[in-house]
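Engineer: Please work out how this folds:
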Amino acid sequence: MSPTFRALANPNYRLYWAGSVVSNTGTWMMRIAQDWLVLVPLHGGGTAVGLTTALQFLPVLLLTPYAGVVADRFPKRRLLQLTQASMGVVALLIGLVAVTGNAELWLVYASAFALGVGAALDAPARQSFVSEMVSREDLTNAVGLNSAAFNAARLVGPALAGVLIHAWGSGQAATGWVFLINAVSYLAVIAQLHRMDPALLRTAELRRGGRGALREGIAYVRTQPKMLFVLVLVFFAGTFGMNFAVTSVLMATEVYGKGAGEFGLLGSALAVGSLTGALLAARRTRIRLRLLVGAAVGFGAAEIVAGSLPSYLLFALFCPVIGLLMLTLLNSANATMQLESDPLMRGRVMALYMTVVQGGTPLGAPLIGWLGEAYGARVALWACGALTILGTALGIALLARLRGGLASVLTPSGAAGSLGPRVWDNQAVVRARQ
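Structural biologist: Just a heads-up that it's a prediction; the model follows:
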């Protein structure tokens, strides 16, 4: 089997990956339909779209750290079946309301928040479950293939949603049918998890009950300079740089005067680059600091360039560049956090990672939406890029301070060296528990 797809030789991971492609496609379809429902049939503006996105990610900020404790305490496969089912029920209910033409902004806000609760509980278990399906040697490859599945869905989902919404009349009912398709797609993951062979899973030891589990995880991460550096990078990129749900719809409708079909195609164009980045990431065996820094700076610069492009065609053609750089940053950050973490801590480590990546969205999305409404979509994109670059500079400064100077960051023997597999520092776990 090609090195790019070697993790698929594992039968459990192959089942999981196939189900993820179906479910992720439905999720991306619903995201497009949700933004379109708010902006057009319900006549909300950029601020309303930003608020919807913020409400969907607010539970990530509030609940994900505690969800990491749950992920370290209960079997992850069963936990994932429950979270997927809960999100499917929410999608079904809002879909039925929209199909009948009774959706209102407050209902969309409520469903977005409810989906966010499900996603917050799902994320730490889903991220850390990968290491139970595949060997340590295949972990980086599996993380890359997960990103490939996510972005393959991102390539198909937005375009399909745009086409279906247009074909079904572009109104409430059209978006409702897309919501219902998403509700059905959750069954794919639930069924594939049920079909797995438990004997092939590398199930980590479950943490016993007791107080202080979250505090223990935070204390552990504080002892890891590389993890702290990664968290600073992804906080700025996630809070400001990754607000495409807001900036893309504003660029498509207000700057270029396009409709649902063209808006959906922007998401697919972005996914072309993301999918390419995911497949490239799957081939890597080591992750270096210079890759993380280069991807973060490049991502910010690409958004600044995109905000300056004069036509829809050029903007759409440039979206793959943004997607490639964004995925390279996220995949490298995700793999670094998993490879650097102790198995007993991995659920909580990934919970903190997901909280930082997505938890800033409730702050960033309304702010970017307001900037787009008040000063134009181009200014919003410029701000997204500039703040991402600023965050990279702050991350380098923090790592230099923790490691004793900038020279230790820039030299090959310092943090710029491999961030790949190493022996876990079990003494750090002991110190964190004291």
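Engineer: and stretch 152-168, which residues are buried?
Structural biologist: For stretch 152-168, a neighbour-count test (16 or more other C-beta atoms under 10 Å) marks 152-162, 164-166 as buried. Where you see a C-beta, it was placed from the backbone N, CA and C, and this is true even at glycine.
Engineer: Out of those residues, which sit inside helices?
Structural biologist: Counting by DSSP state H, the part of these found in helices is 152-162, 164-166.
Engineer: Tabulate the CA atom coordinates of stretch 243-252 in PDB.
Structural biologist: C-alpha atoms of stretch 243-252 as PDB (Å, rounded to 0.1, in the frame of the first residue of the first chain):
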ATOM      1  CA  ASN A 243     -13.700  32.600  10.000                       C
ATOM      2  CA  PHE A 244     -14.500  31.600   6.400                       C
ATOM      3  CA  ALA A 245     -18.100  31.000   7.300                       C
ATOM      4  CA  VAL A 246     -18.300  34.800   7.700                       C
ATOM      5  CA  THR A 247     -15.800  36.200   5.300                       C
ATOM      6  CA  SER A 248     -16.600  33.900   2.300                       C
ATOM      7  CA  VAL A 249     -20.300  34.700   2.400                       C
ATOM      8  CA  LEU A 250     -19.600  38.400   2.600                       C
ATOM      9  CA  MET A 251     -17.100  38.400  -0.200                       C
ATOM     10  CA  ALA A 252     -19.400  36.300  -2.400                       C
END
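Engineer: to the chain's geometric centre, what's the distance from it?
Structural biologist: Mean-position distance between stretch 243-252 and its chain equals 17 Å (C-alpha atoms, centre = their mean, to the nearest Å).
Engineer: Tell me how far residue 362 lies from residue 222.
Structural biologist: 24 Å (C-beta to C-beta, to the nearest Å).
Engineer: wait, residue 5
Structural biologist: 37 Å.
Engineer: Which one's more surrounded, these two?
Structural biologist: Neighbours per residue, other C-beta atoms under 10 Å: of residue 5 and residue 222, the larger number sits with residue 5, 17 against 13.
Engineer: Can you tell me the closest non-neighbouring residue to the more buried one?
Structural biologist: In this structure, residue 5 finds its nearest non-sequential neighbour in residue 145, 6.8 Å apart by C-beta to C-beta, 6 or more residues apart in numbering.
Engineer: re earlier: tabulate the buried residues of stretch 152-168 (JSON lines), appending pLDDT and distance to residue 18.
Structural biologist: Output for the buried residues of stretch 152-168, formatted as JSON lines (pLDDT from 0 to 100; distance: C-beta to C-beta, whole Å):
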{"residue": "152", "pLDDT": "82", "distance to residue 18": "11"}
{"residue": "153", "pLDDT": "83", "distance to residue 18": "12"}
{"residue": "154", "pLDDT": "75", "distance to residue 18": "17"}
{"residue": "155", "pLDDT": "75", "distance to residue 18": "16"}
{"residue": "156", "pLDDT": "83", "distance to residue 18": "14"}
{"residue": "157", "pLDDT": "86", "distance to residue 18": "16"}
{"residue": "158", "pLDDT": "81", "distance to residue 18": "21"}
{"residue": "159", "pLDDT": "80", "distance to residue 18": "21"}
{"residue": "160", "pLDDT": "90", "distance to residue 18": "18"}
{"residue": "161", "pLDDT": "91", "distance to residue 18": "21"}
{"residue": "162", "pLDDT": "86", "distance to residue 18": "25"}
{"residue": "164", "pLDDT": "93", "distance to residue 18": "23"}
{"residue": "165", "pLDDT": "92", "distance to residue 18": "27"}
{"residue": "166", "pLDDT": "88", "distance to residue 18": "29"}
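Engineer: Out of those residues, which is nearest to residue 105?
Structural biologist: Taking C-beta to C-beta as the measure, residue 105 sits nearest to residue 165 out of these, at 18.0 Å.
Engineer: Touching, that closest one and residue 174? I think so.
Structural biologist: Yes. The pair residue 165 and residue 174 passes the contact test of C-beta atoms under 8 Å, sitting 4.6 Å apart.
Engineer: what residues are shared contacts of those two?
Structural biologist: Taking C-beta atoms under 8 Å, 6 or more residues apart in numbering as the criterion, residue 165 and residue 174 both touch residue 33.
Engineer: Identify each buried residue in the host helix or strand of residue 385, please.
Structural biologist: If you go by DSSP states H and E, residue 385 is part of helix 377-403. By neighbour count on 16+ other C-beta under 10 Å, the buried set for helix 377-403 is 377-378, 380-389, 391-392, 395-396, 398-400, 403.
Engineer: and what of stretch 53-72?
Structural biologist: 53-61, 63-72.
Engineer: just stretch 248-261 next, same as before
Structural biologist: 248, 249, 250, 251, 252, 253, 254, 255, 256, 258, 260, 261.
Engineer: same deal with stretch 100-112?
Structural biologist: So, applying 16+ other C-beta under 10 Å, buried residues of stretch 100-112: 103, 107, 108, 109, 111, 112.
Engineer: Looking at those residues, which is nearest residue 94?
Structural biologist: residue 111 (3.9 Å).
Engineer: can I assume residue 378 is in contact with residue 255?
Structural biologist: Yes. Shown here, residue 378 and residue 255 form a contact pair, counting by C-beta under 8 Å, at 6.7 Å.
Engineer: got a list of what the residue nearest to residue 5 touches?
Structural biologist: Residue 145 touches 5, 7, 8, 17, 278, 282, counting by C-beta under 8 Å, 6+ apart.
Engineer: would you list the ones in helices among the buried residues of stretch 152-168 in JSON lines and tack on distance to residue 232?
Structural biologist: Conversion of these to JSON lines gives the following (distance: C-beta to C-beta, whole Å):
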{"residue": "152", "distance to residue 232": "30"}
{"residue": "153", "distance to residue 232": "29"}
{"residue": "154", "distance to residue 232": "26"}
{"residue": "155", "distance to residue 232": "30"}
{"residue": "156", "distance to residue 232": "33"}
{"residue": "157", "distance to residue 232": "31"}
{"residue": "158", "distance to residue 232": "30"}
{"residue": "159", "distance to residue 232": "34"}
{"residue": "160", "distance to residue 232": "36"}
{"residue": "161", "distance to residue 232": "34"}
{"residue": "162", "distance to residue 232": "35"}
{"residue": "164", "distance to residue 232": "40"}
{"residue": "165", "distance to residue 232": "38"}
{"residue": "166", "distance to residue 232": "41"}
